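Asker: One predicted model, sequence on top.
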Amino acid sequence: MSILIENISKHFGQFQALSPLSLDINEGEMIGLLGPSGSGKTTLLRIIAGLEGADTGRIQFGDRDVTNLHVRDRRVGFVFQNYALFRHMTVADNVAFGLEVLPRKERPSPTEIKTRVMHLLEMVQLAHLANRFPSQLSGGQKQRIALARALATQPEVLLLDEPFGALDAKVRKELRRWLRGLHDELGFTSVFVTHDQEEALELSDRVVVMSNGHIEQIDQPGALYASPNSRFVFDFLGNANVFEGKMENGNWQNQQASIALPNGAEQKDGQLYIRSHEFFVSREPTAQASLPLRVIAINPIGAEVRLELTPIDWQSNDVWEIDLPHKAFDKNCFDKGQTLYVTPKAGYFFAHDAQKPVLLSWEK
Amino acid sequence: MSILIENISKHFGQFQALSPLSLDINEGEMIGLLGPSGSGKTTLLRIIAGLEGADTGRIQFGDRDVTNLHVRDRRVGFVFQNYALFRHMTVADNVAFGLEVLPRKERPSPTEIKTRVMHLLEMVQLAHLANRFPSQLSGGQKQRIALARALATQPEVLLLDEPFGALDAKVRKELRRWLRGLHDELGFTSVFVTHDQEEALELSDRVVVMSNGHIEQIDQPGALYASPNSRFVFDFLGNANVFEGKMENGNWQNQQASIALPNGAEQKDGQLYIRSHEFFVSREPTAQASLPLRVIAINPIGAEVRLELTPIDWQSNDVWEIDLPHKAFDKNCFDKGQTLYVTPKAGYFFAHDAQKPVLLSWEK
Amino acid sequence: MATHLSATETRPRHKRVLPGLSLSLGTSLLFISLILLLPMSGLVMQSVDMGWDRYWQVISDERVVASYKVTLWAALLASIFNGFFGLLLAWVLVRYDFPGRRILDALVDLPFALPTAVAGITLATLYAQNGWYGEILESLGLKVAYTPWGIVLAMAFTSIPFVVRTVQPVLEELSPEEEEAGMTLGASDWSVFRRVIFPALWPALMTGIALSFTRSLGEFGAVIFIAGNMPYVSEITSLMIFVSLQEFDFPAASAIASVVLMASLILLFAINIWQARYLRRLHGRS
Amino acid sequence: MSSSKHSSNQLRVGDSPLVKWLLIGLTLFLTAILLVVPLIAIFQQAFMEGAAHYFNSLIEADTLHAIGLTLVVAALTVPINLVFGVMLAWAVTRFEFPGRKLLMTLMDIPFAVSPVVAGLLYLLLYGNNGWIGSWLYDQDIQLMFAWPGIVMVTVFVTCPFVARELIPLMQQQGREDEEAAVILGASGWQLFRRVTLPNIKWALIYGVILTNARAVGEFGAVSVVSGNIRGETNTLPLLVQAQYEDYQAAAAFASASLLAMIALLTLLLKAFIEWRQERSLKIEAEKERQVTQ
Amino acid sequence: ADQTILNTSYDIARELFATYNPTFEKHWLEKTGKTIEIKQSHAGSSKQANAIMNGLSADVVTFNQVTDVQVLHDKGKMIPADWKNEFPNASSPYYSTIAFLVRKGNPKNIKSWGDLAGNDVALVFPNPKTSGNGRYTFLAAYGYAQNTFGKDNEAKVDDFLGTFLKNVSVFDTGGRGATTTFVERGIGDVLITFESEVNNIRNQYGADKYEVVVPKTSILAEFPVAVVEKNAKKNGTEEVSHEYLSYLYSEESQRLLAGFNYRVHNDVVKKEFADKFPEVNLLTVENIAGGWPQATKELFANGGKLDQLQRR
Ligand SMILES: Nc1ncnc2c1ncn2[C@@H]1O[C@H](COP(=O)(O)OP(=O)(O)OP(=O)(O)O)[C@@H](O)[C@H]1O
Ligand SMILES: Nc1ncnc2c1ncn2[C@@H]1O[C@H](COP(=O)(O)OP(=O)(O)OP(=O)(O)O)[C@@H](O)[C@H]1O
Ligand SMILES: [Mg+2]
Ligand SMILES: [Mg+2]
């Protein structure tokens, strides 16, 4: 079922939790709401579910206007961040709940309910735990039961609030994959909240980046990564180094450091965002750039080595981070305290008066 | 101050939370305790602090035996997972607490205390929040106050339980770096608990990997990554694909799939662990390996593209994951559902009867 | 010998982290012994002194047994009524904001503070056939004062705070998520209340009802003024104890009191055990 | 285009106005019948013979003495039970030891014992014929039929209240704050005064108020051990009874109304304290909101 | 004051002794030149006796039941066995009898005990089990029945008593409760209680609403007094305690007592109040039941006559 969100806004007391925002979700899509704490993700999700009323705007499921419909009647599946399993019911009773509270006419027979529940439990691979109580389950198991419970009534919309927030990295990855499989198999429309960018990028068909109650960008993961359209998205997706440059003699200059303008670049002051793996590293400045930095830390992380650097004779608010493949690192053999020069391969330029960045590349 | 841990064990009721374990920590070192939930990390940390008594063994700080010393007299700094700030005290009062409860003789004068507190608050860059209450702070700020409080009495040992567990990815990274700086500057000995491998690898001088109440491996981050000495460590550090091979005709065989033995490999059945970025990918089998896989998902993640694959005509418990640089991916242009072949560049071989792996390389 | 030595060496004696165990436990035990257990021993000794036969004779006396029945039934009805009314009060106090909520909250404790005799006299005044309520009830053909219903009324009045004050904090702590989960699954308000909220309140409610019940078993002052005290019909067990006291028959009084006390303690203990089990299921070990 | 106008409150069970006002109405109705009208009746009876008579009866010497004695008994009972309640709560929530559960059940005994029986038990033990009492008699120490006895039984009857308020709260708060303080070097007393006490302050006050309400109003147990000596061992509830027996109904109800007022006063004090607490929480939340913005 | 004594008394005697004490204080000052302070304790006399045995330091008791004084000897060994001979008239300075209070105009036309066992009469009197008042009432009814049907006609007597008990609407635990029930709650046609009380009540609640009926035959209710020797000895107050009780027999005191509606023995006073206290044929507990110990055992103890009659 497609979901249409139009001009939804919400405030709590004085505080504007959501500025009017609109969002179209296609049938069968999986949408990730990504953003820092307090950006209104949960609020938006709860409004979609009907757990919270919006101040303005309307919401449509398919071509049904559900704005004034009670939660009860919206028939969405909702998975709570901390699962909210019914503690006094067994796993099976939890899953059966949605079926047992159906109006008598629609309610399946008890044996039918039992079959359906067992089927769902098998689907989440926890049929053997049917008679346990929630307190006897691990986090990952609880999560799956919460999902089974939400799916019992065969909702066409599934909403999940930080479904994997509280889990171990390993379990998390497993469940993530499993959810995606289920989504593809059953074909419902899903919206999930996360503040983990990797999760959002890996799992969603489209990612909605939120900040301060409004939507910053909506895009497919690849596109989002390739062309973030604001400083905020850049900052939040992370791992970018920022060079604050003034136009001087056709170069961006920052005290002693300078970067040559590549072809097609505007002749303006601005900030250059360069991702941590988009660098060459050398012991001397290159023709394109002269960015002297001192090595303050060297961390081998997985397939790469991460260098932390501070600028020498120029200004940056943050420590710079550069990721090198082991090979490139071994070749240069840097040590802590040494000076090195980096040269960007590609970067995003935000002119001071512009909102959107321009993608620049120094490579041919 | 160096810490010597000798034969420490602990059980709760019937349950053995720590098997006898020993650990030497050098003066000024930063040690990360890494392990899955329930592996006994917190228990060990609390025993070092004196918050929990060990069943056997002894603990020495420098050359002082502290085994039977009360917490109060061990003079360690401890940062609790959820901060445990005193809710009814202002930030300044929280930090001052440790000084104000000193015996009268040792206690600094009130003005002296005030100066010291302000100095500490400046050090954690939160001097402007001195009069706030903990409930008015964000998670990252709380964390820093907890640190300042623990450091107020100038302990020589600082213990931290999942110090960054509850924080946003971005804040976390910032704080992590800041802690490391502080550690290097003040020169205390630190032990911190985490279940995030990236955190452990990035922050620690040495990582202690724990499982089920015992120590699996102690090593520097680079060494740990390069030579994990057990299946557990491998599994836990993650991102490894496992090939279960039977020796047949000089190859490891698994149904239709096979991998040629590189030079120096033992002629034994066993498991081959290959990290996700240690692969070539091609449309045809190569001389070294024939591992047919079907693409089930393609996720561009940052600098790389992650492929998820299932085996075709051979067995694996898990989905395989392979990370490719964008370039390599673009060259091949895979689609979901396609078949491809992978060839390992390097891997770790666990013979069935061996505990330790052998590092193998197919490259010259 | 050497092994013995090393064994002691490697078994460290851990000092408790938090101070004050001996002080707090010592004080508590001393207090409980002096204030609670020592006087209770008098009850036991009196009962033991009289011998089993006489003990049995006293506690199984026909009139006394009739009073058990009256008392049990009245206390049961009173505590069940308080179960409903207390739950309602707690619910309204916690869930709704309305003018006068605080005053209502304050009023709840009133029965604790009024001397029970005053409560009894006042209730009798109101419910007697010429009282404010009595007249109305009379016109409806109902009689409360000087009937067993009067006993129920007095018991309910004096023990209402127990239920409210045990349910209230639990209701306050109840997280909204389970409720919301119920609603997203399509359950009506009533279903959610019955199947999700109520099971969570159940242990506290039972404790409250049990406390209210035991308090009612022992109530005397408030009841005798409105009970009518007709033999076999509206005599409560406390009155039987009182009668024995009037006759200077302390052993008999102790015997009957011991029956009530035992019943109360067994009930409380059973509730405690049942509740611990129930809670363990909800919250897991520890 | 329809535009929604929900309340900004979360949806919760029973929030529909119909149900809400129905339940509130029912509650107010029942409360009025069961609690308010009796309260009014007390005052009505008290003023039966006019306001002048009401006030005169309150300033009679016996009444004044009874008020004084009642307040003294409460003033002694409350601190004793305060100390005991805190000690017990500390012991059972901060330590594991065998018999912990039993201790918690024992604590409930006073709820299970009829007050008259409680008084009797004290009489049997500390009275002249009791085994402690006969010794006391030889030492010429008079506990029963004097204020110490009244205090003792009042302590008995009200002893569970403080502990019952504290235990759930302290259990829920856990011991982490205290551990943090110990690590920072705090001694036992510093720990309690500076960390524990501020955390349990409100529950403690609540327990004290309940204890006080009950201590002031206790009749059954006190009447057994008091001796009913006018102007000496009559507490206010006893005086109410005595005046009533003496055909001074109006005076009796005047004294009763005084008790009701002491009760209401403490209860209102509690409401006030709770209101303060809620307000300070609200202010903190508001500040927090401003911080996060 | 030079000395203090504690008079422990029954619950409704507060005003009586509050009036008597000052006259005695004056008397004592005149006689000895010493001042005396008298403290008062009032509650049910059984409870008072109990308290004294458990250590309430009473110097004198002024009770409304012989048994409650007797118990001080039997169980407490606090007074001599012959306490009844200590003062005149079996140590009972005043006495009363049981009378009826009926509503204005005596609608049910109650004249004697016989009328109380009628079909349509609702009675209010306190529980004999918990109240001396109630015990006297039961004994009086019993005595009346014995007189009417003959001591040997046990069936008739029991039948009468059974009906009498069945007519009770409310059993309060004490006289005061019964009064409230009858007067303020408007329950019952007849309140049965001490004559002194009946008159008090009528004065208190209005003579126009109630009428007093004193039956021709009733029971002698003694109000015994005694010095609690053990305590008095300990407190050094034997002399004053004795005088306190003796002085109750003086003419002045007897007049005072008569003013409180008690019958007295002093002939002068008797004549003065003759119209207030009609002639009654007073039965004694000895006549009816062979004395208090026997009455307690056979009538009021568990399983005694009262219990048998009340059994359904
Ligand atoms: N019931 C409420 N009353 C008042 N303010 C609220 C309420 N619910 C949320 N808010 C505020 O609205 C803002 C958005 O909250 P929301 O829960 O949607 O954030 P979020 O993006 O889910 O954050 P997180 O990642 O921390 O869960 C926050 O500043 C929060 O404090
Ligand atoms: N007080 C206790 N009583 C009983 N069992 C305990 C207690 N404390 C810890 N345990 C058990 O000891 C084991 C180790 O616990 P510990 O807290 O050290 O794990 P951890 O490695 O810190 O895990 P996590 O990452 O989940 O915090 C767990 O199985 C836990 O259940
Ligand atoms: Mg959220
Ligand atoms: Mg832990």
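Answerer: On my side now, so go ahead. Ligands and ions are numbered 1, 2, ... in the order given.
Asker: so which residue of chain A comes closest to chain E?
Answerer: Nearest residue of chain A to chain E (CB to the nearest CB) works out as residue A:88 at 46.8 Å. C-beta coordinates here come from the backbone N, C-alpha and C atoms, glycine included.
Asker: Grab the nearest non-local neighbour of that residue.
Answerer: Of all residues not flanking residue A:88 in the chain, residue C:199 sits nearest, at 4.1 Å (CB to CB, 6 or more residues apart in numbering or on different chains).
Asker: I'd like the distance between that neighbour and ligand 2.
Answerer: Separation of residue C:199 from ligand 2 (CB to the nearest ligand atom, to the nearest Å) stands at 26 Å.
Asker: Repeat that for residue C:224.
Answerer: Applying CB to the nearest ligand atom to residue C:224 and ligand 2 gives a distance of 52 Å.
Asker: Setting the sequence-adjacent residues aside, check what's closest to that residue.
Answerer: Residue C:224 sits nearest to residue E:173 (CB to CB, 6+ apart), 5.4 Å away.
Asker: Surely the one you found is in contact with residue C:236?
Answerer: No. Using CB atoms under 8 Å, residue E:173 makes no contact with residue C:236, being 11.3 Å away.
Asker: who's more crowded, those two?
Answerer: Using other CB atoms under 10 Å in any protein chain shown, the more surrounded residue of residue E:173 and residue C:236 is residue C:236, with 28 against 23.
Asker: residues touching that one, list them.
Answerer: C:67, C:70, C:71, C:74, C:151, C:219, C:220, C:223, C:224, C:227 (CB atoms under 8 Å, 6 or more residues apart in numbering or on different chains).
Asker: Can you check which helix is longest in chain A?
Answerer: helix A:169-186 (DSSP state H).
Asker: right, I mislabeled it, should have said chain D
Answerer: Using DSSP H, we find that the single longest helix of chain D is helix D:249-292.
Asker: which strands and helices sit next to that helix?
Answerer: helix C:101-107, helix C:110-113, helix C:116-127, helix D:37-46, helix D:51-58, helix D:61-94, helix D:197-217, helix D:236-245 (3 or more CB pairs under 8 Å, 6 or more residues apart in numbering or on different chains; DSSP states H and E).
Asker: So which of the ones you listed is nearest residue B:106?
Answerer: Nearest to residue B:106, of all the helices and strands packed on helix D:249-292, is helix D:197-217, at 24.2 Å by CB to CB.
Asker: Next secondary structure element downstream of that closest one?
Answerer: Downstream of helix D:197-217, the first helix or strand assigned by DSSP states H and E is helix D:220-226.
Asker: List of residues touching that following helix?
Answerer: With contacts defined as CB under 8 Å, 6+ apart, helix D:220-226 is touched by C:116, C:220-221, D:73, D:114-116, D:118-120, D:122-123, D:144-145, D:149-150, D:152-154, D:156-157, D:233-235, D:237-238, D:241, E:43, E:47.
Asker: change it to 6 Å
Answerer: C:220-221, D:115-116, D:118-120, D:122-123, D:144, D:149-150, D:153, D:157, D:233, D:235, D:238 (CB atoms under 6 Å, 6 or more residues apart in numbering or on different chains).
Asker: PyMOL command for the buried members of those residues?
Answerer: Burial among these is assessed by 16 or more other CB atoms under 10 Å in any protein chain shown; the matching PyMOL selection reads:
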select buried, (chain C and resi 220+221) or (chain D and resi 115+116+118+119+120+122+123+144+149+150+153+157+233+235+238)
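Asker: Let me know the distance separating the most centrally placed residue in chain E from chain A.
Answerer: Centroid check for chain E by CA atoms, centre = their mean gives residue E:64 as the closest residue, at 4.0 Å. Counting by CB to the nearest CB, to the nearest Å, the gap from residue E:64 to chain A is 61 Å.
Asker: list the contacts for residue C:235?
Answerer: By CB under 6 Å, 6+ apart, the neighbours of residue C:235 are C:67, C:229.
Asker: So the residue nearest to residue C:224 sits against residue E:132, correct?
Answerer: No. Contact between residue E:173 and residue E:132 fails when scored by CB atoms under 6 Å: they sit 11.6 Å apart.
Asker: Just give the nearest non-adjacent residue to the closest residue to chain C within the stretch 151-293 of chain D, would you?
Answerer: Nearest residue of the stretch 151-293 of chain D to chain C: residue D:263, at 2.9 Å (CB to the nearest CB). Closest residue to residue D:263 apart from its sequence neighbours, by CB to CB, 6+ apart: residue C:113 at 2.9 Å.
Asker: neighbours of the residue of the stretch 1-150 of chain C found nearest chain A, just the number please.
Answerer: Scanning the stretch 1-150 of chain C for the residue nearest chain A gives residue C:97, at 14.9 Å (criterion: CB to the nearest CB). Other residues within reach of residue C:97, judged by other CB under 10 Å, total 9.
Asker: residues making contact with stretch C:184-200?
Answerer: A:71-72, A:78, A:86, A:88, A:97-98, A:101, C:174, C:178-179, C:182, D:13-14.
Asker: Can I get that stretch as PDB, trimmed to CA atoms?
Answerer: Extracted C-alpha coordinates of stretch C:184-200, given in PDB (Å, rounded to 0.1, in the frame of the first residue of the first chain):
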ATOM      1  CA  THR C 184      -1.800  -0.800  16.700                       C
ATOM      2  CA  LEU C 185      -2.900  -4.500  16.700                       C
ATOM      3  CA  GLY C 186      -6.500  -3.300  16.400                       C
ATOM      4  CA  ALA C 187      -7.700  -4.000  20.000                       C
ATOM      5  CA  SER C 188     -10.400  -1.800  21.500                       C
ATOM      6  CA  ASP C 189      -9.800   0.200  24.600                       C
ATOM      7  CA  TRP C 190     -11.600  -2.400  26.600                       C
ATOM      8  CA  SER C 191      -9.600  -5.200  25.200                       C
ATOM      9  CA  VAL C 192      -6.400  -3.400  25.800                       C
ATOM     10  CA  PHE C 193      -7.400  -2.700  29.400                       C
ATOM     11  CA  ARG C 194      -8.500  -6.200  30.000                       C
ATOM     12  CA  ARG C 195      -5.700  -8.000  28.300                       C
ATOM     13  CA  VAL C 196      -2.700  -5.700  28.500                       C
ATOM     14  CA  ILE C 197      -3.100  -3.200  31.400                       C
ATOM     15  CA  PHE C 198      -5.000  -5.300  33.900                       C
ATOM     16  CA  PRO C 199      -2.500  -8.200  33.900                       C
ATOM     17  CA  ALA C 200       0.200  -5.700  34.700                       C
END
